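Asker: please work out how this folds:
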Amino acid sequence: MIVKNKSIPYSLFGMKAMQQRISTTHPFSEKLKERIRIAQAGANGEKLVDQIFLKYQFGFEHYIFHDLNLSSSGKFQLDTLFLSSQGAYILEIKNIAGRIHFPEEWNQMVRVLENGQMDAFECPSVQLERNHFLLEDWFHSRNLSVPVAGAVVFTQSRQLIENSRPHLTMLFPYELPNVLRKREGRSPILDSKTLSKIVIELSNGHFDYNPFPLCTTMNINPHDIKSGVQCEKCGTLGMNKISRGWVCTSCCQVSRRAHRRAIHDWFMIVSETMTNRECREFLHVPANYTATRLLGELPLEHLGMSRGRFYRFPLEKMKVECENSPNLQGNSR
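Answerer: Numbers count the residues shown, from 1 in each chain. From the prediction side, this is the model:
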């Protein structure tokens, strides 16, 4: 039973929006491109593992949590947590192309591409051990005695892995059903009543991770972000306001809702608050009342009165806007 589905990659939406608003010559541009590539690969890999769980029917009581965020002695995120009578089984998903090598002298994982390019990553054993400890700590703080184990899942089944860590369990997606099934061949450790209690505790303990605004989390100067309403057709920034919407200065596309994405971009990238003046400057509109009306079209919260008023976009409402907007969803592809 899937208790928590995979989350929409909101941070990926934000990074792709930032990529449209940052100069290609910016010092952070290449790093941003790499972060987008890694985040996209991770999302694709997790989707593949999700399909395995959707396709396979386990004949025993189990609960699956995807993208589970918890906090104990530190905040931590689990790609997938499989809960059964044998306890909690952490699955760290890795979608990495190329030949994988684990150097004996360093706690790293090295990837070598066909063109010879080498990249070093934190060894997944370190991440798995860290999450193992934090999850045990989380259970202990709630007086729950739950065995914890885990594995790293490499989603590319034809991947060549060299010099693997002896105490690190590594799996390919097609191995998951059999491995999890074999675990249930042992005597049960947790009964159904205890499992139900753990499920409730995990569900209540989850919190939504808020990566925004990205300028803060990535230490980028907000003044480096290009302003303007972006054309939904050609991507040009700087649409002109007309009586019933916006017109693109490049392809003449007309839109009535293009400002919604621009305002959304502001909250994802620049700041967690927005004033009327900031709205006018970012959307390139001159009139106070115009900015007030445009801000009022989105489900924003406002605080303060008159010139001291500012707006906030609560994360839950931002997610709904993101899920319901084809233009914002297009940002993630």
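
Asker: from Glu201, how far out is Phe58?
Answerer: 22 Å (CB to CB, to the nearest Å). Using the backbone N, CA and C atoms, a C-beta is placed for each residue, glycine as well.

Asker: likewise for Met15?
Answerer: Taking CB to CB, one finds Met15 at 33 Å from Glu201.

Asker: where does the chain dip in pLDDT?
Answerer: The chain contains residues with pLDDT under 70 at 325-333.

Asker: which residues in the stretch 201-333 of the chain form strands?
Answerer: For the stretch 201-333 of the chain, the strands defined by DSSP state E, counting those that start in this stretch cover 240-242, 245-247, 254-255, 273-275, 301-303, 310-312.

Asker: what's the closest of these to Asn178?
Answerer: Closest to Asn178 of the strands of the stretch 201-333 of the chain is strand 310-312 (CB to CB; 48.6 Å).

Asker: the closest one pairs with which strands?
Answerer: Strand 310-312 has these partner strands in its sheet, going by DSSP bridges: strand 273-275 (antiparallel), strand 301-303 (antiparallel).

Asker: mind listing residues that contact that strand?
Answerer: Glu272, Thr273, Met274, Thr275, Cys279, Leu295, Leu300, Glu301, His302, Leu303, Gly304 (CB atoms under 8 Å, 6 or more residues apart in numbering).

Asker: and the top helix by length along the chain, what does it pack against?
Answerer: The residue-count maximum for a helix in the chain (DSSP state H) belongs to helix 29-55. Counting contacts by 3 or more CB pairs under 8 Å, 6 or more residues apart in numbering; DSSP states H and E, helix 29-55 packs against helix 10-20, strand 62-71, strand 75-84, strand 87-94, helix 176-183.

Asker: swap the cut-off to 7 Å and go again
Answerer: Judged by 3 or more CB pairs under 7 Å, 6 or more residues apart in numbering; DSSP states H and E, helix 29-55 is in contact with helix 10-20, strand 87-94.

Asker: please enumerate the helices of the stretch 101-250 of the chain.
Answerer: Remark: helices assigned in the stretch 101-250 of the chain by DSSP state H, counting those that start in this stretch are 124-141, 176-183, 192-205, 214-217.

Asker: buried residues of stretch 266-280, list them for me.
Answerer: Within stretch 266-280, the residues that count as buried by 16 or more other CB atoms under 10 Å are 266-276, 278-280.

Asker: in TSV, list these along with distance to Ile8.
Answerer: Formatted as TSV, the buried residues of stretch 266-280 follow (distance: CB to CB, whole Å):
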residue	distance to Ile8
Trp266	20
Phe267	16
Met268	13
Ile269	17
Val270	21
Ser271	22
Glu272	20
Thr273	24
Met274	23
Thr275	29
Asn276	30
Glu278	27
Cys279	26
Arg280	31
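
Asker: out of those, who's nearest Phe28?
Answerer: Comparing the buried residues of stretch 266-280 against Phe28 with CB to CB places Ile269 closest, at 12.2 Å.

Asker: isn't the closest one up against Met18?
Answerer: Yes. Contact status for Ile269 versus Met18: in contact at 5.0 Å, counting by CB atoms under 7 Å.

Asker: any common contacting residues for these two?
Answerer: Leu214 (CB atoms under 7 Å, 6 or more residues apart in numbering).

Asker: give me the number of residues near Phe207?
Answerer: 11 (other CB atoms under 10 Å).

Asker: please give me every residue in contact with it.
Answerer: Counted by CB under 7 Å, 6+ apart, Phe207 has contacts Asn69, Ser71.

Asker: roughly how far apart are it and Leu12?
Answerer: To Leu12, Phe207 is 19 Å away according to CB to CB.

Asker: and Asn276, by the same measure?
Answerer: Here the criterion is CB to CB. By it, Asn276 lies 30 Å from Leu12.

Asker: try Gly87
Answerer: From Gly87 over to Leu12 the distance is 32 Å, taken as CB to CB.

Asker: and Gln86, by the same measure?
Answerer: 34 Å.

Asker: just Thr290 next, same as before
Answerer: Counting by CB to CB, the gap from Thr290 to Leu12 is 32 Å.

Asker: looking at the two now, which is surrounded by more residues?
Answerer: Between Thr290 and Leu12, counted using other CB under 10 Å, Leu12 has the larger neighbour count: 20 against 16.

Asker: tell me the contacts of the more buried one?
Answerer: Here Leu12 is in contact with Ile36, Ala39, Gln40, Ala43, Ser332 (criterion: CB under 7 Å, 6+ apart).

Asker: ok, now Leu81?
Answerer: Phe65, Leu68, Ala88, Ile90.

Asker: apply 10 Å and report the result again.
Answerer: The neighbours of Leu81, taking CB atoms under 10 Å, 6 or more residues apart in numbering as the test, are 3-4, 63-68, 70, 88-91, 131, 135, 148, 150, 202.

Asker: do the same with Val247
Answerer: Val229, Cys231, Met239, Asn240, Lys241, Gln253, Val254, Ser255, Ala258.
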